[in-house]
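>>> sharing a sequence plus its predicted fold:
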Amino acid sequence: MSRLSDLSPALAENLLKLPMPEFGETPFVIPPPLAQARVAIVSTAGLHRRADSTFRPGASDYRIIPGDVAAADLVMSHISVNFDRSGFAQDPNLVFPIDLLRTMEANAEIGSLAQWHYAFMGASDPSTMEESGSEVGRLLKQDGVDIALLVPV
């Protein structure tokens, strides 16, 4: 993974100038104990199922990943030249830990695994993602998700 200090000064400065949406105050919510919680994954690895359309550079949309997806059926269309995909190629659970969560569910360490999970394209302009982020939030709520495991890539 590339660090800001690894980038050219001009590119680093441009990244630091990206506008960030502002959000009002939101009350803190205490989730149920993990053993009773419904858990979903939200990743920025540009993941999708093989049959789904790939992400475009700078995409602000998302892909829905069903809870019963086989990790081997996931494809990464993250396009950053600074991103090393070799870990994902060896084990998709590094960026989308679905098998680990299934094991945790089977061992009653989490209450349940969500029916749906979500993937965004990383390295996108955050100011363009407010609508899709809010939509995924509503979908997580509809699925009864208590805890979203955020996997930034």
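Okay, I see it.
>>> residue contacts, Pro9?
By Cβ atoms under 8 Å, 6 or more residues apart in numbering, the contact list for Pro9 is empty. Where C-beta positions appear, they are placed from N, C-alpha and C, glycine not excepted.
>>> can you give me the helices for this structure?
Along the chain, counting by DSSP state H, helices occupy 9-16, 86-90, 98-106, 130-142.
>>> can you put those helices in CSV and add mean pLDDT and distance to Val69?
Shown next, in CSV, are those (pLDDT from 0 to 100; distance: least, Cβ to Cβ, whole Å):
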stretch, mean pLDDT, distance to Val69
helix 9-16, 81, 31
helix 86-90, 84, 15
helix 98-106, 96, 7
helix 130-142, 95, 16
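>>> let me know which of these is the nearest to Ile64.
Each of the helices of the chain was scored for nearness to Ile64 using Cβ to Cβ, and the closest is helix 130-142 (7.8 Å).
>>> who does the closest one touch, helix- and strand-wise?
For helix 130-142, the contact count by 3 or more Cβ pairs under 8 Å, 6 or more residues apart in numbering; DSSP states H and E identifies strand 38-43, strand 62-66, strand 116-120 as packing neighbours.
>>> out of those, deepest packed?
strand 116-120 (a mean of 24; mean count of other Cβ atoms under 10 Å).
>>> pull the CA atoms of that one into CSV?
Only the C-alpha atoms of strand 116-120 are listed here, as CSV (Å, rounded to 0.1, in the frame of the first residue of the first chain):
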residue,chain,number,x,y,z
TRP,A,116,-26.2,-8.2,2.2
HIS,A,117,-22.8,-6.6,2.2
TYR,A,118,-21.5,-3.6,0.3
ALA,A,119,-18.4,-2.5,-1.7
PHE,A,120,-17.3,0.9,-2.9
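>>> show me what it packs onto, helices and strands only.
Strand 116-120 packs on strand 38-43, strand 62-66, helix 130-142, going by 3+ Cβ pairs under 8 Å, 6+ apart.
>>> can you list these in JSON lines and add distance to Leu149?
Converted to JSON lines, these look like this (distance: least, Cβ to Cβ, whole Å):
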{"stretch": "strand 38-43", "distance to Leu149": "5"}
{"stretch": "strand 62-66", "distance to Leu149": "13"}
{"stretch": "helix 130-142", "distance to Leu149": "11"}
